[in-house]
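Enquirer: Would you be able to build a 3D model of this:
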Amino acid sequence: MRTLKSHGRYTYSAITRRPKLRWPKGRRLAVYIGFNVEHFEFGTGLGAVLGPKSPEPDVLNHSWRDYGNRVGVWRCLELFESLKLPLGALINTALYDYCPEVIEAFVKRGDELIGHGHTNSERQGEMKPAEERALLGYCRDRIRKESKVEVRGWLSPWISESFATPDLLAETGYRYTLNWCHDDQPTRFATNKGTLWSIPYPQELNDIPMIIARQMDASAFADMIVDNFDEMLAQSKEQSLVMGIALHPYIVGQPYRLRHLRRALAHVAKAPGVWLTTPGAILDAVS
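Expert: All right, here's what the predicted structure looks like:
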């Protein structure tokens, strides 16, 4: 039988057979929040849906997503601030044109800004290499110009990659990607040029696949966060691990969901031996 094609980015490694990984100050479990703040074009393109998709202009679903930028993001920030939780803020650069004060709030808090495309109305993997390279450079430069910070990480809109995406990320100066959900520890990727790390990003502990796709209610999603955290904290006694929580303000920023999220994050925040951090800080610890 033929050998299956491989992506060639990493080789197989059983998590039970690796050298011990340790986080700063002897902490065992690194927990970060990947907070996705997105802007969608009206009347065209992609977007998560609350109700049945209508012919464009799809006012119901567009306005539901816009609730996140007008209301949900601010309610979530109040929660994060009350629990003293740092954020990895995954931002569409179209937000600079639409609601720059949202990004300013993250910068003021000292949160890490992470590139997340220009808009989630398009898929990066459908772009030609020159177009994709231009997108990565544009987002990097726009964040630097507007927020005066150097962006190091990237999450593709809809986790959409071309075969060249890791190479293009390294080539354009990004240090890590959040696109791959294959592990509970960082993985160094092979690229044509430069160094690129993969920081674990969740597709299970993520409100879009759980609440939207699987129609899990807010209470069950909060329980899922608690259960995942408790189990990983126990597993991390033997080796340090990474647990990400992926959230979107138009979903968890709804009042009844926010109440349950508060319960789950308070449970995480009060646990001893936990490193509440950001993807960039995890990168610094391993690179």
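Enquirer: The chain: strands as residue ranges?
Expert: 29-37, 88-91, 112-115, 153-154, 176-177, 187-189, 196-198, 241-247, 274-277 (DSSP state E).
Enquirer: Looking at those strands, which is nearest to residue 71?
Expert: strand 29-37 (12.7 Å; Cβ to Cβ). Any C-beta I mention is one placed from the backbone N, CA and C, and that applies to glycine too.
Enquirer: Who are the packing partners of the closest one?
Expert: Judged by 3 or more Cβ pairs under 8 Å, 6 or more residues apart in numbering; DSSP states H and E, the packing partners of strand 29-37 are helix 73-82, strand 88-91, helix 218-235, strand 241-247, helix 249-252, strand 274-277, helix 279-286.
Enquirer: So which of these is nearest residue 54?
Expert: Nearest of these (Cβ to Cβ): helix 249-252, 17.4 Å.
Enquirer: Give the rounded mean pLDDT of that closest one.
Expert: The average pLDDT within helix 249-252 is 98.
Enquirer: then it to PDB, C-alphas only?
Expert: C-alpha atoms of helix 249-252 as PDB (Å, rounded to 0.1, in the frame of the first residue of the first chain):
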ATOM      1  CA  PRO A 249     -18.500  38.300  22.200                       C
ATOM      2  CA  TYR A 250     -21.700  38.000  20.100                       C
ATOM      3  CA  ILE A 251     -22.200  34.500  21.500                       C
ATOM      4  CA  VAL A 252     -21.000  34.500  25.200                       C
END
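Enquirer: now for it, which elements pack on it?
Expert: So helix 249-252, by 3+ Cβ pairs under 8 Å, 6+ apart, packs with strand 29-37, helix 59-67, helix 73-82, helix 255-269.
Enquirer: quick one: stretch 100-109 to chain centroid distance?
Expert: 17 Å (Cα atoms, centre = their mean, to the nearest Å).
Enquirer: Mind listing what's buried along that stretch?
Expert: The neighbour-count criterion (16 or more other Cβ atoms under 10 Å) identifies 102-103, 105-107 as the buried residues of stretch 100-109.
Enquirer: and if you look at stretch 24-31?
Expert: So for stretch 24-31, counting by 16+ other Cβ under 10 Å, buried means 27-31.
Enquirer: Same check on stretch 222-236?
Expert: 222, 224-225, 228-229, 232-233, 236.
Enquirer: Off-centre distance for that stretch?
Expert: 18 Å.
Enquirer: Let me have the buried residues of stretch 24-31 in CSV, adding pLDDT as columns.
Expert: Below are these laid out as CSV (pLDDT from 0 to 100):
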residue, pLDDT
27, 96
28, 94
29, 98
30, 98
31, 98
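Enquirer: Name the nearest of those relative to residue 180.
Expert: residue 30 (16.8 Å).
Enquirer: you'd agree the closest one is up against residue 239?
Expert: No - if you go by Cβ atoms under 8 Å, residue 30 and residue 239 don't touch, sitting 11.7 Å apart.
Enquirer: can you count the residues close to the closest residue to residue 126 other than its chain neighbours?
Expert: Distance criterion Cβ to Cβ, 6 or more residues apart in numbering; nearest residue to residue 126, sequence neighbours excluded, is residue 160 at 7.1 Å. Residues within reach of residue 160, counting by other Cβ atoms under 10 Å, total 17.
Enquirer: Which pair of the buried residues of stretch 24-31 spans the longest distance?
Expert: Farthest pair in the buried residues of stretch 24-31, by Cβ to Cβ: 28 and 31, 10.6 Å.
Enquirer: overlap in contacts of these two?
Expert: 274-275 (Cβ atoms under 8 Å, 6 or more residues apart in numbering).
Enquirer: just to revisit the earlier point, which one of the helices and strands packed on strand 29-37 lies closest to residue 166?
Expert: Short answer: helix 279-286, nearest of those by Cβ to Cβ, at 14.9 Å.
Enquirer: List the buried residues in that closest one.
Expert: Buried residues in helix 279-286 (16+ other Cβ under 10 Å): 279-283, 285-286.
Enquirer: Let me have those in a markdown table, extended by distance to residue 251 and pLDDT.
Expert: Listed next are the buried residues of helix 279-286 as a markdown table, based on distance: Cβ to Cβ, whole Å; pLDDT from 0 to 100:
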| residue | distance to residue 251 | pLDDT |
| --- | --- | --- |
| 279 | 20 | 98 |
| 280 | 24 | 98 |
| 281 | 25 | 98 |
| 282 | 24 | 98 |
| 283 | 27 | 98 |
| 285 | 30 | 97 |
| 286 | 30 | 97 |
